[in-house]
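**Q** Output the structure for:
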Amino acid sequence: MAARLLLGLLLAAASAGAASEVVYSLDWESFARMSRWDGSEVITDSGSLAGSGSARLIPIGPGAFRLEFQGPDGEGNGLIGPAGPSAFYFPTAVEVGIPPAPPHLSGGTFKADGDPARPEGFEVHFVEGFICHARPQTCNNVAGWERSFVGRARRSPAGS
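**A** Residues are numbered from 1 along each chain as shown. Here you go, the predicted structure:
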């Protein structure tokens, strides 16, 4: 009986949280560039994408959120904590990411309009990259890569 009561309370709390969830309209842009060694030449490919869709900021701890977005132009997600955004995944025109970015070449900013827990809007910037400082073969012939994301969000009229 106590287990049923606890389960009921947890389901009610989850439903209340979902009912009060804020939905945002998000416009985003991404850029990516990859440079590879091809023999003695470095060949570079780059491109940008832009899109729009809906986004949610999901609380995961004190001062920490998970941003999730989706729309016809792509989807993505990332973590936002006191030190800013991290572990971001988003659409790019050029596939990058291997070898992985070292921690000192990954990060960004998050600026909330109003209460950071339920902002009226927000802007998120994320950038990361990799530079090979070894022999090309050590880095899978990757000379370097970079990718960036900028998202601007406002509360959706239906999601206020």
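**Q** show me the contacts for the residue lying closest to residue 82 once chain neighbours are set aside.
**A** Leaving aside its chain neighbours, residue 82 sits nearest to residue 63 (4.9 Å; criterion: C-beta to C-beta, 6 or more residues apart in numbering). From N, CA and C alone the C-beta is placed, and that goes for glycine too. Going by C-beta atoms under 8 Å, 6 or more residues apart in numbering, residue 63 touches 81, 82, 116.
**Q** Residue 149 now?
**A** Residue 149 touches 28, 29, 30, 76, 88, 90, 108, 124, 125, 126, 127, counting by C-beta under 8 Å, 6+ apart.
**Q** Sheet-wise, list the partners of whichever strand in the chain runs longest with their directions.
**A** Identified as the longest strand of the chain according to DSSP state E is strand 41-61. The strands beside strand 41-61 in its sheet (DSSP bridges) come out as strand 23-38 (antiparallel), strand 64-71 (antiparallel).
**Q** If you count neighbours, what's buried in the first one?
**A** By that I understand strand 23-38. 23-28, 30-37 (16 or more other C-beta atoms under 10 Å).
**Q** Please apply the same query to the last one.
**A** The neighbour-count check on strand 64-71 (16+ other C-beta under 10 Å) flags 65, 67, 69, 71 as buried.
**Q** Could you identify the helix or strand that succeeds that strand?
**A** Going down the chain from strand 64-71, the next helix or strand is strand 74-81, by DSSP states H and E.
**Q** what does the next helix or strand after that following strand rub up against?
**A** Scanning forward in sequence from strand 74-81 by DSSP H and E, the next helix or strand is strand 84-89. When contacts are defined by C-beta under 8 Å, 6+ apart, strand 84-89 is touched by residues 67, 76-80, 106-110, 124-126, 128, 149.
**Q** Over to stretch 35-50?
**A** Under the contact criterion C-beta under 8 Å, 6+ apart, stretch 35-50 has outside partners 27-34, 73-74, 91-94, 136, 141-145.
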